[in-house]
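S.K.: Sequence and predicted structure below; questions after.
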Amino acid sequence: MHTVVLLGLGLLQAGAMDSFSLQAELQGLYDEISQATLQFVTAADVDQFHDVLYTPDWSFVDAAGQRHGWTQMREQAIQSIAAPRLDSMSQQIQKLSRSPVGATVVVSLTTVRTIVDNDGRFGKKGASHRLSETTAFRDTWVKASDAWKFQSRAQVGGPKVQVDKPAY
């Protein structure tokens, strides 16, 4: 009887460690995506990163439920290179669920940028402010040839914006 109980506990621990390892591995990929995004300077950077980490059929579903393929999102990614730089970007896993072919992850994406408020929307005209924007997404990852590939992202609700407050 003791052997059966110990075997059962061992299997539970192995499953928990497997989930922990998977979450740690995917969190590392989210960290890599965030850092790379902050460093892109050319369209080739965007394309090369996409080719390595994303599936060819990667798609994005916006908050309105509209599906966008990589071609559409690529243009947006390239345009963001010319936009004012973000101060920081982070993606934190909130929930992870395994599937037979991969994993589904609920992740919070937080971007922080410093702006000059020329219109006085957040106080005195011309003052600088730090905007923290947090948006939830449901992501799908698949395992292909012993590597995780990012297959899809769906926005879950609208962004939450905070002005001059820490992102945490």
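M.R.: Yep, that arrived.
S.K.: which residues of the protein fall in strands?
M.R.: Counting by DSSP state E, the chain has strands at residues 54-61, 67-69, 88-99, 102-117, 127-144, 147-163.
S.K.: and the gap between the residue most central in space within the chain and Pro100?
M.R.: Within the chain, the residue whose C-alpha comes closest to the C-alpha centroid is Gln91; the distance, by Cα atoms, centre = their mean, is 4.7 Å. Gln91 sits at a distance of 25 Å from Pro100 (criterion: Cβ to Cβ, to the nearest Å). From N, CA and C alone the C-beta is placed, and that goes for glycine too.
S.K.: likewise Ala43?
M.R.: 36 Å.
S.K.: Can you pull the poorly scored residue ranges out of this protein?
M.R.: 1-17, 166-168 (pLDDT under 70).
S.K.: how about a cut-off of 90?
M.R.: The model of the chain has pLDDT under 90 over residues 1-19, 84, 117, 119-123, 144-146, 165-168.
S.K.: Count the neighbours of Gln151 for me.
M.R.: 20 (other Cβ atoms under 10 Å).
S.K.: which residues sit in contact with it?
M.R.: By Cβ atoms under 8 Å, 6 or more residues apart in numbering, the contact list for Gln151 reads Tyr54, Thr55, Asp57, Trp58, Ser59, Gly102, Thr140, Trp141, Val142.
S.K.: Same check on Ser152?
M.R.: Counted by Cβ under 8 Å, 6+ apart, Ser152 has contacts Trp58, Ser59, Phe60, Val61, Asp139, Thr140.
S.K.: OK, contacts around the fourth one?
M.R.: Which is Val61. Arg67, His68, Ser152, Arg153, Ala154, Gln155.
S.K.: out of those residues, who has the most neighbours?
M.R.: Arg153 (21 neighbours).
S.K.: gap between that one and Ala147?
M.R.: Going from Arg153 to Ala147 by Cβ to Cβ gives 18 Å.
S.K.: picking that back up, which stretch among the strands of the chain comes nearest Glu25?
M.R.: strand 147-163 (6.8 Å; Cβ to Cβ).
S.K.: quick one: strands adjacent to the closest one?
M.R.: Partner strands and pairing direction for strand 147-163 (DSSP bridges) are strand 54-61 (parallel), strand 127-144 (antiparallel).
S.K.: Now the ones you listed in a markdown table, please, with extra columns for distance to Gln39.
M.R.: Shown next, in a markdown table, are those (distance: least, Cβ to Cβ, whole Å):
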| stretch | distance to Gln39 |
| --- | --- |
| strand 54-61 | 17 |
| strand 127-144 | 20 |
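S.K.: Of all the ones you listed, which one is nearest Gln27?
M.R.: Judging these by Cβ to Cβ, what sits closest to Gln27 is strand 127-144, at 11.6 Å.
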